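>>> just to be clear, the model below is a prediction. Sequence and coordinates:
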Amino acid sequence: MQLPEARMPLKDQISDDMKTAMRAKDSARLGTIRLLMAAIKQREVDERITLDDAAIVGVVDKLIKQRKDSITAFQSAGRTDLVDQESAELAVLQAYLPARLSAEEVAAAVGAIVSALGASGPGDMGKVMAAVKAQLAGKADMGAVSAAVKAALAK
């Protein structure tokens, strides 16, 4: 009988990737990974905890959202040089996210939570979003999740 391969903790994987980028002299990738490590360390120090994989995915998600917002702003300002830089950072960060759920899977999960909570109407949006966030954090884009919740509550 073969044992399942033990998965390396995400923080260790990020640290190994940083060392690999240093050896390869890949300064763009190294800078992004250092930024990620700093964000993880900052949160650990602020909250006096050690982050697990789920919390690290949350940090990565936040950094990705910042990059997407920056790309939008830079595109409207016509700064293609900065758009390229942010896009490169976005690609590096997305490698640390788990596989995302499809729109259908998100809708099914939201539908199940809405019916389990007995929610109906836009007034229950906060209650449903809290439950959905707990279950789908890091597995789906929260913008798409919010839209799915609105659609499910409008029925």
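Good, I have the coordinates. In this text, all values refer to a predicted model and were calculated from it rather than measured experimentally.
>>> domains in the protein, by residue range?
10-94, 103-154 (automatic domain parsing).
>>> weakest of those by average pLDDT?
Among the domains of the chain, domain 103-154 has the lowest mean pLDDT, at a mean of 79.
>>> which element is residue 99 on?
Assessed by DSSP states H and E, residue 99 sits outside every helix and strand.
>>> that one: neighbouring residues, count only.
6 (other CB atoms under 10 Å). C-betas here are computed from N, CA, C, even on glycine.
>>> and what of residue 93?
So residue 93, with other CB under 10 Å, has 21 neighbours.
>>> my guess is it contacts residue 31, does it?
No - contact criterion CB atoms under 8 Å: residue 93 and residue 31 do not qualify, at 11.8 Å.
>>> helix, strand, or coil at the residue nearest the centre of the chain?
Nearest to the geometric centre of the chain sits residue 61, at 2.4 Å (CA atoms, centre = their mean). Look at residue 61: counting by DSSP: H, G, I helix; E, B strand; the rest coil, its state is helix.
>>> for residue 95, grab phi and psi.
phi -70, psi -20 (degrees, to the nearest 10).
>>> and residue 33, how many neighbours?
Neighbours around residue 33, by other CB under 10 Å: 25.
>>> apologies, that question was intended for residue 8.
Residues near residue 8, counting by other CB under 10 Å: 12.
>>> quick one, what contacts it?
residue 16 (CB atoms under 8 Å, 6 or more residues apart in numbering).
>>> quick one: secondary structure of residue 51?
coil.
>>> my read is that it contacts residue 41, right?
No - with contact defined as CB under 8 Å, residue 51 does not reach residue 41; the gap is 9.2 Å.
>>> settle it for me: which of the two has more neighbours?
A side-by-side neighbour count of residue 51 and residue 41, using other CB under 10 Å, places residue 51 first with 18 against 13.
>>> ok, the closest residue to residue 60 other than its chain neighbours to residue 115 distance?
The spatially closest residue to residue 60, leaving aside those adjacent along the chain, is residue 96, at 4.9 Å (CB to CB, 6 or more residues apart in numbering). Look at residue 96 and residue 115: by CB to CB, to the nearest Å, they are 33 Å apart.
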